[in-house]
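**Q** structure, please.
(chains A and B)
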Amino acid sequence: MENFSLILAIVVVTALAFDFTNGFHDTANAMATTISTGAMKPKAAVAMSAVLNLVGAFLSIEVANTISKGLVDESGIQPEVIFAALVGAILWNLLTWLVGLPSSSSHALMGGLIGATIASAGMGAVHGDVLVTKVLIPAIAAPLVAGLAAMLATRLTYRLGRNANGEAAKKGYRSGQIASAGLVSLAHGTNDAQKTMGIITLALVTGGAIAPDSDPPVWVILSAGLAIALGTYLGGWRIIRTMGKGLTDLQPQQGFAAQTSAATVILASSHLGFSLSTTHSVSGSVMGAGLGRKGGVVRWSTATRMFAAWGLTLPAAALVAAIAEYVTSFGTWGTAFVAVFLIASSAAIWVVSRREVVDHTNVNDTDDTNVDDTNDTEETTDVMSTAIAAVTPPPPGHVEEPDTEPATRTATV
Amino acid sequence: MHIDWAALGSVFGVSLIVTVALVGAFTLGIAGLSRRESASAQGDSAPLATTGAYACFAACAAAVAYGIYLIVA
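**A** A predicted model of the protein is given here:
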């Protein structure tokens, strides 16, 4: 395989790593409400979501093709640029996972691509209006649409079902939630696994390993599907906790209304040509469901932190990617340095996460371990700031530090 | 700068209507089944409520099938 250069192999591996983080980052979207309301056991929920993600990956290659064919000019893009973009996206995904905040993996990837492109081709390569129409407006619209729909649906279901309690009602809400969560998982698999396929295919085309305008090779589809399914199965328990318990307290009725609203918004938006982020839709619908129940509360401190993370996703990933691209431009040792840096900081984030393990056994435990939810999340952010302090010396990746600090308002514990 | 307000508006409208309709239908189905449950507890049956409930669930199943169709297509 003379065409399959080392940098290409690195890009493929990094893309699969991103796919993996994408999977566990977004498990929460499909399964947080199902897990927190007890409709499914945590392990069973993530297993089901993983299978559906895998199935979704095989359903079509349309999204992959829009990325790999025609969106960017293949001749102008180097594998190094894609590599740098992926580094930015992965680090942002891991960092937000560490603090347990749901944020859009697609925005991270987009930010990474933008940053890397600016670093290699200059400011002119990015279209500001596209940024507004494709990123900013959807990010504001998604939670509003999904939230409003979920709020009205929650009110309605409480009203219509006020006489319905007992075994039949319980079973009904449970299966309703599982069905809508399944739809979200399937939609996620077709969308997000395919983004990675598209990226890998794009890299293969730019590296000259396959002909331009090829469909993704089978091994690409298979490995991307498996990577996202594995990530989903391992579960981003920290994010699931925030989404299922941190934003509001969900009862089965609310979980059902929220998940149905999210599934509808995701499908309607992608079908009607105004694609909205899965993460933003689900977070919005969870909050809407929280507001829809009488006496329901939304923890705005957690929500605000989440919004801040959304705002930072694109610029932070872009910044990391830009620096990574700058370093890789020094040649082979630069690329090697970025690769080592990516592995080292991922490992560091993982080590820090072990200080306070969140997994399937305690994902629903916020109320037991800490009386007040804010306490809990603040503890996590504190772990994070110590983490950042600990992993200095700070080359590329840690430029987010000043950005994240004010957003998280760390309390001294 | 071109913002596709029409697409955004239709996403807004469709999502709102479909969500509320789906959740409403499903809840009616649940309410019907739970009425049958309490009726059969008293040795009674509630044919109307039961049929209505299954009609509601069928409508929801159709909506889910359409959703899957949208994903695949």
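
**Q** burial measure for residue 36, as a count.
**A** Reading this off chain A. 27 (other Cβ atoms under 10 Å in any protein chain shown). For the C-beta atoms, the positions are set from N, CA and C on the backbone; glycine is no exception.

**Q** oops, wrong one, chain B.
**A** Neighbours of B:R36 using other Cβ under 10 Å come to 21.

**Q** which stretches in chain B count as helices?
**A** Taking DSSP state H, the helices of chain B run over residues B:5-41, B:47-72.

**Q** pLDDT score for the most centrally placed residue in chain B?
**A** The residue lying closest to the centre of chain B (Cα atoms, centre = their mean) is B:L22, at 2.9 Å. Confidence at B:L22, expressed as pLDDT, is 90.

**Q** try A:P402
**A** Confidence score, pLDDT, at A:P402: 40.

**Q** next one: B:G29
**A** At B:G29, pLDDT is 88.

**Q** repeat for the one 3 residues further on
**A** pLDDT, B:G32: 85.

**Q** wait, it touches B:S38, no?
**A** No - between B:G32 and B:S38 there is no contact under Cβ atoms under 8 Å: 11.2 Å.

**Q** tell me which of those two has more neighbours.
**A** With neighbours defined as other Cβ under 10 Å, B:G32 and B:S38 compare such that B:G32 has more, 24 against 16.

**Q** for the closest residue to that one other than its chain neighbours, what are its contacts?
**A** With Cβ to Cβ, 6 or more residues apart in numbering or on different chains as the criterion, B:G32 has its nearest non-adjacent residue at 2.9 Å, and that residue is B:A53. Counting by Cβ atoms under 8 Å, 6 or more residues apart in numbering or on different chains, B:A53 makes contact with B:28-33, B:36.

**Q** can you tell me which of those residues comes closest to A:S49?
**A** B:I30 (23.9 Å; Cβ to Cβ).

**Q** quick one: the closest one and A:R174 touch, right?
**A** No - counting by Cβ under 8 Å, B:I30 does not reach A:R174; the two are 10.4 Å apart.

**Q** residues contacting the closest residue to B:V72 other than its chain neighbours?
**A** Sequence neighbours aside, A:L59 is the residue nearest to B:V72 in space, at 5.2 Å (criterion: Cβ to Cβ, 6+ apart). Contacts of A:L59 were listed using Cβ under 8 Å, 6+ apart, and they are A:186, A:189-190, B:71-72.

**Q** list only buried entries from these.
**A** For those, a burial check counting by 16 or more other Cβ atoms under 10 Å in any protein chain shown picks out A:186, A:189-190, B:71.

**Q** okay, the closest residue to B:A73 other than its chain neighbours: pLDDT?
**A** Nearest-residue entry for B:A73: A:S60, 8.0 Å, with adjacent residues in sequence omitted and distances by Cβ to Cβ, 6+ apart. For A:S60, the model assigns a pLDDT of 74.

**Q** now A:S281: which helix or strand?
**A** helix A:278-292 (DSSP states H and E).

**Q** by contact count, what packs against the next helix or strand after that helix?
**A** Once the chain leaves helix A:278-292, the next helix or strand it forms, by DSSP H and E, is helix A:300-328. Applying 3 or more Cβ pairs under 8 Å, 6 or more residues apart in numbering or on different chains; DSSP states H and E, we find helix A:300-328 packed against helix A:79-98, helix A:105-121, helix A:278-292, helix A:332-353, helix A:373-390, helix A:401-408.

**Q** what residues does the stretch 251-400 of chain A put near chain B?
**A** The stretch 251-400 of chain A comes close to chain B at residues A:256-257, A:260-261, A:263-265, A:267-274, A:276, as judged by Cβ under 8 Å from any Cβ of the partner chain.

**Q** at 7 Å what do you get?
**A** A:257, A:260-261, A:263-265, A:267-269, A:271-274 (Cβ under 7 Å from any Cβ of the partner chain).

**Q** of those residues, closest to A:F341?
**A** Closest approach to A:F341 among those (Cβ to Cβ): A:S269, at 36.3 Å.

**Q** does the closest one really touch A:L276, like I thought?
**A** Yes - if you go by Cβ atoms under 7 Å, A:S269 and A:L276 touch, sitting 4.1 Å apart.

**Q** count of residues packed around residue 52?
**A** In the absence of a named chain, chain A is used. Neighbours of A:L52 using other Cβ under 10 Å come to 23.

**Q** wait, I meant chain B there
**A** Other residues lying near B:G52 total 18 when counted by other Cβ under 10 Å.

**Q** give me the pLDDT value at it.
**A** 86.

**Q** contacts only, for the residue nearest to it when sequence neighbours are not counted.
**A** Sequence neighbours aside, B:G32 is the residue nearest to B:G52 in space, at 4.9 Å (criterion: Cβ to Cβ, 6+ apart). By Cβ atoms under 7 Å, 6 or more residues apart in numbering or on different chains, the contact list for B:G32 reads B:49-50, B:52-53, B:56.

**Q** in stretch A:48-59, what counts as buried?
**A** A:48-57, A:59.

**Q** pLDDT below threshold where in chain A?
**A** Along chain A, segments meeting pLDDT under 70 span A:1-4, A:66-76, A:125, A:273, A:366-413.

**Q** give me that answer again for 80
**A** With pLDDT under 80 as the threshold, chain A has low-confidence stretches at A:1-4, A:60-78, A:121-135, A:162-168, A:191, A:206-209, A:211-214, A:235, A:270-275, A:359-413.

**Q** ok, the residue in it sticking out farthest from the centre to B:L28 distance?
**A** For chain A, the residue at maximal distance from the C-alpha centroid (Cα atoms, centre = their mean) is A:N163, at 38.4 Å. Distance of A:N163 to B:L28, given as Cβ to Cβ, to the nearest Å: 11 Å.

**Q** can you check A:A153 too?
**A** Using Cβ to Cβ, we find A:A153 at a distance of 13 Å from B:L28.

**Q** any idea which residue sits dead centre in chain A?
**A** A:S105 (3.6 Å).

**Q** dump the residue contacts of A:G207.
**A** Contact analysis of A:G207 by Cβ under 7 Å, 6+ apart lists A:5, A:8, A:79.

**Q** about what we covered before: mind putting the buried residues of stretch A:48-59 in TSV, distance to A:T232 included?
**A** Formatted as TSV, these follow (distance: Cβ to Cβ, whole Å):
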residue	distance to A:T232
A:M48	10
A:S49	5
A:A50	4
A:V51	9
A:L52	9
A:N53	5
A:L54	8
A:V55	12
A:G56	10
A:A57	11
A:L59	16
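
**Q** any stretches of chain B with poor pLDDT?
**A** Judged by pLDDT under 80, chain B has its weakly predicted residues at B:1-4, B:41, B:43-46, B:71-73.

**Q** who in it is up against chain A?
**A** Taking Cβ under 7 Å from any Cβ as the criterion, the neighbours of chain A within chain B are B:1-4, B:7-8, B:10-12, B:14-16, B:18-20, B:22-24, B:26-31, B:33-34, B:37-38, B:64, B:67-68, B:70-72.
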